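Novice: let me see the structure of the following:
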Amino acid sequence: MTVIKRPQKSLLGKLIIKSILTVETGLHIGGGGETLDIGGLDKPVIRDPMTKNPYLPGSSIKGKLRAILERLLNKPLNRSGGSGTYRYESDDLEDGYTEVRSRNEQKQYIAYEGAKTCAVSRVFGSTGANCWVKTSVAQEQNLDGLETATIEGESYTKIKGRNSPARLIVRDCHLTDDSAQKLVQIDTGLYMTEWKFENGIDRITAAANPRQLERVPAGSQFKLEMVYTVEDATQAREDLKNILQTILVLEDDALGGHGSRGYGKIKFQNLEFSYRDYSGISNAENSALSLPLSNQLSGIEDTSKLPEKFDEIQKLLPQGDEQ
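Specialist: Residues are numbered from 1 along each chain as shown. Purely as a prediction, here's the structure:
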C-alpha cells in the first residue's frame, strides 16, 4: 500500500487592508429583480436585507480585481464562464493544458500555469477541472489518470484538476455612518439612492426605449476591508504588489455596471495596513490569545502615496523565506 503525505499549507499571518471607498460617479451593482410596475425601476441596486441600505458586495470588487490582474499578466482565456463569457483559471495545482473544442469540434490545448505558482490563482483562488498534466507529474503524485496523449511532443495524462483556495478575502462594503446619515436625508423618490433615466434610440425609426436604473449617488463612502493570508513570505511580497497594482488600475476603470457610460468611478482613501503574526501561536501562553496586530501602517491619504509607501508596507510582512 502506498502512503501519500499531503503537507498542510503554512499559516504565517494575515495582512489586513482597510480603506474608505468613495463613489465619484453614480454606481450600479444590481440586486435581484422584483415585480416591475409601470414607471418602476428596470434595474434596482443590491441592498442589505436587514437595513435596506445599498452596499457593495465583496464578490463584485474581488471579481473586478481578478479580471484586472488577469489582463495585467496577460493570462489566456481557457475557461468558459457561461453566457458566452470566458476567463482564466488554473485547472490544477500543477502546470498543464486545458482541452477546448473549436467550432468544428477539433481538440485544442491552451496552456495554463498551475495554482502553486500562478500569481492570479494564488491570490484569488481556482477551481479544478479536467485537464492535462505531464504524465511524470501524475505518476509521481499518484493522480488518477483518465487517459494519455502526446502534447507538444511530450506525454500528458488527463486528470481531474484540484482546487486551490483563495488567499485574499474581500468583505462586503457597507456605508460609513456619515454617508448613511446623508443619504437618508436626500429626496429623490428612492430610499438612499437616485434614479438614472436613459433612452435607447432605434437607429432606423428613432423610436425611444426608455429605462430607469437605480444608482448609489456620487459622494457616497463605503468601508472596505480585505484580508490576505500569508502562507509564503516570498510569494506574499509579490502578491501584495499585484494587489496594490490592481487597486491603482481599478481607480482608472469602473466598478459595477455601465462603466463605459460614466458609472462606477471610485477612489480609495485613508488606506491602512496591519499584520497579525500567527507564528509560534501553538506555543503561546493563554494571555496571547488576543493576537494583537504586530505591525501597522496608517495615514495613507490615497493611492497616489502607495508607490512611496510600498517599502514600508512590505516591511509589515515576514521578511524571511518562511513557507
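Novice: what about the helices in this protein?
Specialist: For the chain, applying DSSP state H gives helices covering 58-72, 119-124, 135-140, 177-185, 233-252, 306-314.
Novice: mind listing what the residue nearest in space to the middle of the chain touches?
Specialist: Nearest to the mean C-alpha position of the chain, by CA atoms, centre = their mean, lies residue 62 at 2.2 Å. For residue 62, the contacting residues are 124, 168, 170, by CB atoms under 8 Å, 6 or more residues apart in numbering. To be clear about C-beta, it is placed using only N, CA and C from the backbone, and glycine gets the same treatment.
Novice: just residue 66 next, same as before
Specialist: Per CB under 8 Å, 6+ apart, neighbours of residue 66: 120, 123-124.
Novice: for residue 306, state which of those is nearest.
Specialist: residue 123 (17.1 Å; CB to CB).
Novice: and for that closest one, the neighbour number?
Specialist: A count of nearby residues for residue 123, using other CB atoms under 10 Å, gives 23.
Novice: thought it was touching residue 239?
Specialist: Yes - Residue 123 lies in contact with residue 239 (CB atoms under 8 Å); the separation is 5.2 Å.
Novice: which residues do those two both contact?
Specialist: Jointly contacting residue 123 and residue 239 under the rule CB under 8 Å, 6+ apart are 167-168, 228.
Novice: from the residues you listed, pick the one nearest residue 212.
Specialist: Once CB to CB is applied, the member of the shared contacts of residue 123 and residue 239 that ends up nearest residue 212 is residue 168, at 35.3 Å.
Novice: re the thing from before, need the winner for burial among the helices of the chain.
Specialist: With neighbours defined as mean count of other CB atoms under 10 Å, the helices of the chain peak in mean count at helix 119-124, which reaches a mean of 24.
Novice: using PDB, write out every CA atom in that helix.
Specialist: What follows is helix 119-124 as a C-alpha-only set of coordinates in PDB (Å, rounded to 0.1, in the frame of the first residue of the first chain):
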ATOM      1  CA  ALA A 119       0.100  34.800  -9.300                       C
ATOM      2  CA  VAL A 120      -3.600  35.100 -10.100                       C
ATOM      3  CA  SER A 121      -4.800  31.800  -8.700                       C
ATOM      4  CA  ARG A 122      -2.600  32.200  -5.500                       C
ATOM      5  CA  VAL A 123      -4.400  35.400  -4.600                       C
ATOM      6  CA  PHE A 124      -7.900  34.800  -6.000                       C
END
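Novice: quick thing: my sequence starts at 41, can you match it?
Specialist: Taking 41 as the first residue, the last one we looked at is helix 159-164.
Novice: measure how far that helix is from the centre of its chain, please.
Specialist: With CA atoms, centre = their mean, to the nearest Å as the basis, helix 159-164 stands 9 Å off its chain's centre.
Novice: centroid-wise, who is the farthest residue in this protein?
Specialist: Distance from the C-alpha centroid of the chain peaks at residue 245, with 42.4 Å (CA atoms, centre = their mean).
Novice: how near is that residue to residue 237?
Specialist: For residue 245, the distance to residue 237 equals 20 Å [CB to CB, to the nearest Å].
Novice: which parts of the stretch 141-290 of the chain are strands?
Specialist: Along the stretch 141-290 of the chain, counting by DSSP state E, counting those that start in this stretch, strands occupy 147-152, 170-174, 187-191, 194-200, 208-210, 214-215, 234-241, 248-255, 261-270.
Novice: nearest to residue 131, of the ones you listed?
Specialist: Short answer: strand 170-174, nearest of the strands of the stretch 141-290 of the chain by CB to CB, at 3.5 Å.
Novice: just the CA atoms of that closest one, as PDB, please.
Specialist: Extracted in PDB, the C-alpha atoms of strand 170-174 (Å, rounded to 0.1, in the frame of the first residue of the first chain):
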ATOM      1  CA  ASN A 170     -10.400  18.100 -16.100                       C
ATOM      2  CA  CYS A 171      -7.000  19.000 -17.600                       C
ATOM      3  CA  TRP A 172      -3.700  17.600 -18.900                       C
ATOM      4  CA  VAL A 173      -0.600  17.400 -16.800                       C
ATOM      5  CA  LYS A 174       2.700  15.800 -17.500                       C
END
